[in-house]
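# Fold the following and give me the result.
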Amino acid sequence: MASPKLKAPVAIISKLYCSPSQVVLTVRKRPQTVTGGGFVVTEDSTQSVVFRVEGCGVLGSQGELVVRDRAGDALLLIRRKEGVVQALSINRKWKGYSFDYEGIRKLVFKLKEPNSCLGRTSAIRISTEPRRSSGGDWDFEVQGRFPEKACTIVDHLGRIMAQIGVEKGMRSMDLYYVVVKPGVDQAFVFGVIAVLDNIYGESTAC
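Okay, the predicted model is just below:
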């Protein structure tokens with residue numbers, strides 16, 4: 001059964017990153033020993049850089065990520081909440097902040113990361129600020145397995161926002177593609193992917 005189509009753009013960070021048509025983007029991980037880790041996102045058709053994601057190898061702080069635009073300006077600062085309460089909780093929490101024209105940070109989304117054997121069976125869910133759905137405590141969910149690059153990001157109605165996969169025959173997970181549906185905020189999608197990358201100890205992890 002086909003996923004229901006969006007009636008309006010899903011602009012979490014900015015409408016500037018909501019394309020009216022489907023977009024295929026390529027993710028290439030950067031070697032941690034050379035560049036400090038992270039990954040680069042390019043347009044599949046032109047190979048031009050769209051986003052750069054930096055992890056703690058560059059920033060020098062564990063649990064802190066930055067998504068930059070093609071010009072190198074920071075779009076998102078993402079931080080993992082720390083402390084004794086978080087260490088004992090079933091879920092770790094990440095918070096994503098955008099920047100306004102004056103450079104002031106604004107909370108735009110929260111992501112819950114399973115933090116125990118019990119929690120690992122739970123889905124990774126994201127809520128936005130302001131909330132997009134009136135029911136439940138989440139707006140988006142990650143379905144499937146990110147380490148195998150076989151997963152989707154869906155909204156609370158089950159509509160697909162983005163799909164992550166690898167080309168057939170590719171053995172390395174250092175290069176994979178992301179299909180972002182029409183009207184979906186690409187910057188938000190890669191903010192979520194940056195957190196997934198860190199959770200599973202990939203290019204942005206220390």
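
# strands paired with the host helix or strand of Leu75, and their directions?
Following DSSP states H and E, one finds Leu75 within strand 74-80. Strand pairing for strand 74-80, using DSSP bridges, gives strand 64-69 (antiparallel), strand 91-99 (antiparallel).

# Nearest to Ala162, out of those?
Ranking the strands paired with strand 74-80 by proximity to Ala162 (CB to CB) places strand 64-69 first, at 14.4 Å. For glycine as for every other residue, the C-beta is placed from the backbone atoms N, C-alpha and C.

# for that closest one, what is the average pLDDT?
Strand 64-69 carries an average pLDDT of 94.

# ok and the longest helix along the chain relative to strand 74-80, angle-wise?
Determined from DSSP state H, the single longest helix within the chain is helix 186-199. Inter-element angle recorded for helix 186-199 and strand 74-80: 30 degrees (by axes from the mean of the first three to the mean of the last three CA atoms, to 10 degrees).

# element containing Val179?
Secondary-structure element containing Val179, defined by DSSP H and E: strand 175-180.

# Could you find the closest non-adjacent residue to Leu175?
Spatial nearest neighbour of Leu175, excluding adjacent residues (CB to CB, 6 or more residues apart in numbering): Arg28 at 5.4 Å.

# and Ile78, how many neighbours does it have?
23 (other CB atoms under 10 Å).

# Look up which residues are beta-bridged to it.
Bridge pairing for Ile78 - DSSP bridges - gives Leu65, Gly96.

# circling back: only C-alpha atoms, please: export the longest helix of the chain in PDB.
Taking Å, rounded to 0.1, in the frame of the first residue of the first chain, the C-alpha atoms of helix 186-199 are listed here in PDB:
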ATOM      1  CA  GLN A 186      16.300  18.000   4.000                       C
ATOM      2  CA  ALA A 187      18.200  19.800   6.800                       C
ATOM      3  CA  PHE A 188      16.000  18.100   9.400                       C
ATOM      4  CA  VAL A 189      16.400  14.700   7.700                       C
ATOM      5  CA  PHE A 190      20.200  15.000   7.900                       C
ATOM      6  CA  GLY A 191      20.000  16.200  11.500                       C
ATOM      7  CA  VAL A 192      18.200  13.000  12.400                       C
ATOM      8  CA  ILE A 193      20.800  10.900  10.300                       C
ATOM      9  CA  ALA A 194      23.600  12.700  12.100                       C
ATOM     10  CA  VAL A 195      22.200  11.500  15.500                       C
ATOM     11  CA  LEU A 196      21.700   7.900  14.100                       C
ATOM     12  CA  ASP A 197      25.300   7.900  12.800                       C
ATOM     13  CA  ASN A 198      26.600   8.800  16.300                       C
ATOM     14  CA  ILE A 199      24.300   6.400  18.200                       C
END
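
# what's the angle from it to strand 175-180?
Relative orientation of helix 186-199 versus strand 175-180 (the same axes, to 10 degrees): 140 degrees.

# can you redo the strands paired with strand 74-80 as CSV with distance to Gly136 and mean neighbour count?
Below are those laid out as CSV (distance: least, CB to CB, whole Å; neighbours: other CB atoms under 10 Å):
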stretch, distance to Gly136, mean neighbour count
strand 64-69, 26, 20
strand 91-99, 15, 20
